[in-house]
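> turn this into a structure:
(chains A and B)
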Amino acid sequence: MDSTQLLKGVLDAAVLAVVAPEDGYGYDVVRRLRDAGLTEVGDASVYGTLRRLYQAGCLTSYVVPSDEGPHRKYYGLTPAGRGQLDASRVAWKDFSSTVEGLFSASTGRGDAR
Amino acid sequence: MSDTTVLHEDIEAYVTAVGRHLTDLQDDDRSELLDELRGHATALRLEEPDVDLEARLGSASAYARELRDAAGLPERGPRSLTMRTRAVKARLRSSRVAPVVTRFVTEMTPLGWALRGAAVAGLVLALTARSRTPAHGFLVVGVALAAWLAAPRLRRWARPGVRRLVLRAVDVVTVVVIGLLFVQYVTDGTRTPEADSSAALPASAVVNNGNPVTQIHAVGADGSPLTVALYDQDGTPLDTQSGYDAIACPDDASSLPIPYRDTSGQILTNVYPLRAVCVDANGAVVEPLTTSPTTLPTTIWASPAVPLVGQHVELDADGNYSGVLVSAPSPSPTQPNATPSASSSSTTSGFASPTPSKS
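Predicted structure coming up:
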């Protein structure tokens, strides 16, 4: 199964989730997502998502000088972003339990045959 | 070139390549996205010094496409004039000469302010001052210097909208003033000295070698002064009295013409030599009637006979007309044309002296 399409659907929630405990800059967010297991997430997708969420008011941003190179743009959750993360969490639970139920049912029917 | 430089060039090349696929975006959006990409690539390079950016991030076009997709930015469609202009500007900014031009413009910014100051001061003086004096020049230079010194503060003197509006107006003034100065410079460069000196003369002035003629003396063949009325080739009377005195008078006196009149009493301004006296403020004559210059040629002159149609002319060694050949030279094989010759054996009708011949 192509997980890329699944990833697209949950990338907003995933980005909000990794920024929720601690603010992070773009490269940092990519690394956190990959460390969490989303190894196929594209760098450009993360930056595009960060930008879109920022413009939607879900993220705040600030620049921090870096000794290692260009300034880093950190992102943090706004109250709106936290609200969206909570809503996504609920939606995901519903969605995943529904899908899980479907899978369980299909497995039961298969076993019954 | 160090390895670090090579690595940074590698990152810049990738960022620039991605930027070429985002030229339709607003400048701020585009540079923001590219700045983040630059930071990302730098962080990647720090973690993995040998990382191949294209292998890791995908081709520049793929990266840009994925970025647009995730950010909800529109795909590049048919581009308007504004978008095309923006794209050209973005391309120029990403070119190799861009940093040099930017640095030059930055360094020249104070000079731009000095030019603006000089132009505005010059315009104000041109509109208000009746005549130009050296003090005006110092004032213009002073304003230019002040603008130069104040340049760092002038950048932030008002709200951006107001500042932009005023700056545009000042820039228009500056360009117009510089343009006018350029036109004046070019015009001055193409003007001949004669035309230059005559430019200040009245339109009707009689000019000799660029200098105004204030008096004319006619002398007869025997050296005796003549009184004559003079006209130009169009029959217009020559008038040397436009704005000039016929004679020089002391500071406390002025020249008063004693005019000739025709039989109807009409004043004739073209009869020479002009007659004038110097009178003081009370109308008293302080210098007598003057008609003669201090030095007048006394040489009695002569004129060669004027050639008639069909006659041949004789020239001297300098090519000047010297007389009429009485017997015309016959054409020879070596001289197919009967060109005038100073060595002709023919007799010459020489100078008619002292009275001009009309034969």
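> what residues of stretch B:275-287 count as buried?
For stretch B:275-287, burial by neighbour count (16 or more other CB atoms under 10 Å in any protein chain shown) applies to B:275-279, B:287. Glycine gets a C-beta too; all of them are placed from N, C-alpha and C.
> let's see which of the residues you listed end up in strands.
B:276-279, B:287 (DSSP state E).
> you'd agree B:Val313 is up against B:Val324?
Yes - using CB atoms under 8 Å, B:Val313 is in contact with B:Val324, at 6.5 Å.
> end to end, how far does stretch B:235-253 reach?
With CA to CA, to the nearest Å as the measure, stretch B:235-253 spans 35 Å from end to end.
> follow-up on the earlier one: overlap in contacts, B:Val313 and B:Val324.
Taking CB atoms under 8 Å, 6 or more residues apart in numbering or on different chains as the contact rule, B:Val313 and B:Val324 both touch B:Pro307.
> okay, these two: which has more neighbours?
B:Val324 (21 against 13; other CB atoms under 10 Å in any protein chain shown).
> ramachandran coordinates for that one?
phi -100, psi 130 (degrees, to the nearest 10).
> for it, what are its contacts?
B:304-305, B:307-308, B:311-314, B:348-349.
> which of those sits closest to A:Leu50?
Closest approach to A:Leu50 among those (CB to CB): B:Val313, at 100.5 Å.
> how about the closest one, secondary structure?
With DSSP: H, G, I helix; E, B strand; the rest coil as the basis, B:Val313 sits in strand.
> do B:Gln215 as well
Quick answer, by three-state DSSP: B:Gln215 is coil.
> and it, how far is that from chain A?
Note on B:Gln215: its distance to chain A, by CB to the nearest CB, to the nearest Å, is 85 Å.
> number of nearby residues for that residue?
Each residue near B:Gln215 was counted by other CB under 10 Å, and the total is 20.
> spell out which residues of chain A are next to chain B.
Contact residues (CB under 8 Å from any CB of the partner chain) of chain A with chain B: A:11, A:25-27, A:30, A:42-49, A:51-52, A:66, A:68-73.
> narrow the residues you listed to those in strands?
A:25, A:66, A:69-73.
> what's the farthest-apart pair in those residues?
A:Gly69 and A:Lys73 (12.4 Å).
> any shared contact partners between these two?
Between them, A:Gly69 and A:Lys73 share these contacting residues under CB under 8 Å, 6+ apart: B:Gly39.
> sorry, back to before: let's have the ones in strands among the buried residues of stretch B:275-287 in TSV, adding distance to chain A.
Converted to TSV, these look like this (distance: CB to the nearest CB, whole Å):
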residue	distance to chain A
B:Ala276	87
B:Val277	91
B:Cys278	87
B:Val279	88
B:Glu287	89
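> farthest-apart pair in those, please.
Spatial extent of those (CB to CB) is set by the pair B:Ala276 and B:Val279 at 9.5 Å.
> any weak-confidence spans in the stretch 201-350 of chain B?
Along the stretch 201-350 of chain B, segments meeting pLDDT under 70 span B:201-205, B:241-244, B:246, B:290-300, B:303, B:327-350.
> residue of it closest to chain A, please.
Going by CB to the nearest CB, chain A is nearest to B:Gly210 of the stretch 201-350 of chain B, at 69.4 Å.
> what is the burial count for that residue?
Quick note: B:Gly210 (other CB under 10 Å) scores 13 neighbours.
> what does B:Asp28 give?
B:Asp28 has 8 neighbours, counted by other CB under 10 Å.
> quick one: it from chain A, how far?
The value you get for B:Asp28 to chain A, if CB to the nearest CB is used, is 12 Å.
> so that residue belongs to a strand, correct?
No - per three-state DSSP, B:Asp28 lies outside any strand segment and is helix.
> what sits against the one residue in the stretch 1-150 of chain B that gets nearest to chain A?
The nearest approach of the stretch 1-150 of chain B to chain A comes at B:Ala70, 2.6 Å away (CB to the nearest CB). B:Ala70 makes contact with A:11, A:42, A:44-49, A:51-52, according to CB under 8 Å, 6+ apart.
> which parts of chain B sit against chain A?
Applying CB under 8 Å from any CB, we find that chain B lies next to chain A at B:33, B:35-40, B:42-44, B:46, B:56-58, B:62-64, B:66-73.
> now with 6 Å?
For chain B, the contact set with chain A under CB under 6 Å from any CB of the partner chain comprises B:36, B:38-40, B:42-43, B:46, B:57, B:63, B:66-67, B:70-72.
> tell me the buried residues within those.
The neighbour-count test (16+ other CB under 10 Å) marks B:36, B:38-40, B:42-43, B:57, B:63, B:66-67, B:70-71 as buried among those.
> can you tell me which of the contacts of B:Ala70 is closest to B:Leu111?
A:Arg51 (39.3 Å).
> before we move on, the earlier item: max pairwise distance over the contacts of B:Val324: which two?
B:Leu308 and B:Thr348 (14.8 Å).
> the more surrounded of those two?
Neighbours per residue (other CB under 10 Å) separate B:Leu308 from B:Thr348, with B:Thr348 holding more: 18 against 8.
> could the contacts of B:Val324 go into a markdown table alongside distance to B:Leu165?
Formatted as a markdown table, the contacts of B:Val324 follow (distance: CB to CB, whole Å):
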| residue | distance to B:Leu165 |
| --- | --- |
| B:Pro304 | 78 |
| B:Ala305 | 81 |
| B:Pro307 | 77 |
| B:Leu308 | 80 |
| B:Gln311 | 81 |
| B:His312 | 81 |
| B:Val313 | 76 |
| B:Glu314 | 80 |
| B:Thr348 | 84 |
| B:Ser349 | 84 |
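> I am finished for the moment; much appreciated.
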